[in-house]
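Chemist: Next comes the sequence, and after it the predicted model I'd like to discuss.
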Amino acid sequence: MSGAFRVEQTVTSGTFSLDGGTFDVDNNVWVLGDDDECLVVDPAHDLDAVAFLVGARTVAAVVCTHAHDDHCRYAPAAGARFGAPVLLHPADEPVWRLTHGDLRWDADLADGDVLRVAGEEVRVVHTPGHSPGSVCLHVPALHTVLSGDTLFQGGPGATGRSFSDRPTIEASIRSRLFALPDDTVVRTGHGDSTTIGAEAAALGR
């Protein structure tokens, strides 16, 4: 019998580059599944660390919450290593091309898609603003949402660079994420987790 459906985390370190600047960053990499099958979400910087967390499990897909290079740079290599398709929302194509040129991801994500892993549902929520194709992954069975760089402890993700927009990200958060139950745990792309209730109280619905 497989172990419980769960979300696991490793933190990897590297760089993020955009608009001529390069910055040191620590990224949260999430693995979602049971003992047999999982999704890998945003496999940043260190594929050996990601592979250690995956172990012997089958990887159903490598999911990019968005196409900034710290989140997607190693996605094609992760897909090849794990024998899994790489998934991305197509609105992030211009961002993806900054890192990968004409190399394309394997399959598109769309708002409302339901990914199935280890017998559970993972719902794709399109939350543009940090980038045009940013998505969050709502996991009802775990009362959690993987927010990428859309929502952090302390508020919205950054919008001061190309392809981002502050009013758009705030609208995405208020209309899409704050519609989730207040006790939903927000597992972010960088830094500590939070809850929908805490961030709604701080930002205002």
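Modeler: Yep, that arrived.
Chemist: can you list the weak-confidence ranges in this protein?
Modeler: 1-2 (pLDDT under 70).
Chemist: State the distance from residue 100 to residue 35.
Modeler: Separation of residue 100 from residue 35 (CB to CB, to the nearest Å) stands at 32 Å. In this view, the C-beta of every residue, glycine as well, is placed from N, C-alpha and C.
Chemist: ok, now residue 149?
Modeler: For residue 149 relative to residue 35 (CB to CB), the value is 29 Å.
Chemist: Comparing those two, which shows the higher neighbour count?
Modeler: Using other CB atoms under 10 Å, the more surrounded residue of residue 149 and residue 35 is residue 149, with 28 against 15.
Chemist: and the gap between the closest residue to that one other than its chain neighbours and residue 55?
Modeler: Counting by CB to CB, 6 or more residues apart in numbering, residue 157 is the residue found nearest to residue 149 once chain neighbours are left out, at 3.9 Å. Distance, residue 157 to residue 55, by CB to CB: 30 Å.
Chemist: These two: which is more packed in?
Modeler: residue 157 (25 against 9).
Chemist: Pull the contacting residues for that one.
Modeler: Applying CB atoms under 8 Å, 6 or more residues apart in numbering, we find residue 157 in contact with 129, 130, 134, 148, 149, 150, 151, 169, 189.
Chemist: Can you select the buried ones from those residues in PyMOL?
Modeler: Here is the PyMOL command that selects the buried residues among these (16 or more other CB atoms under 10 Å):
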select buried, resi 129+130+134+148+149+150+151+169+189
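Chemist: which one of the contacts of residue 157 is nearest residue 199?
Modeler: The closest of the contacts of residue 157 to residue 199 turns out to be residue 151 (CB to CB; 6.0 Å).
Chemist: wait, isn't the closest one in contact with residue 200?
Modeler: No. The criterion here is CB atoms under 8 Å, and residue 151 misses it with residue 200 at 10.0 Å.
Chemist: where do the helices sit along the protein?
Modeler: 47-54, 69-72, 75-82, 93-100, 166-172, 196-203 (DSSP state H).
Chemist: pull the CA atoms of the shortest one into CSV?
Modeler: This file holds the C-alpha atoms of helix 69-72, laid out as CSV (Å, rounded to 0.1, in the frame of the first residue of the first chain):
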residue,chain,number,x,y,z
ASP,A,69,14.6,31.4,-15.4
ASP,A,70,15.1,30.4,-11.8
HIS,A,71,11.8,28.3,-12.0
CYS,A,72,12.2,26.9,-15.6
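Chemist: quick thing: my sequence starts at 59, can you match it?
Modeler: Yes, from this point I'll number from 59; that puts the last item at helix 127-130.
Chemist: Show me what that helix is packed up against.
Modeler: strand 64-76, strand 79-91, helix 151-158 (3 or more CB pairs under 8 Å, 6 or more residues apart in numbering; DSSP states H and E).
Chemist: buried residues in the last one?
Modeler: By neighbour count with 16+ other CB under 10 Å, helix 151-158 contains the buried residues 151, 153, 154, 156, 157, 158.
Chemist: Between those, which sits nearest residue 240?
Modeler: For the buried residues of helix 151-158, the nearest to residue 240 is residue 153 (31.4 Å; CB to CB).
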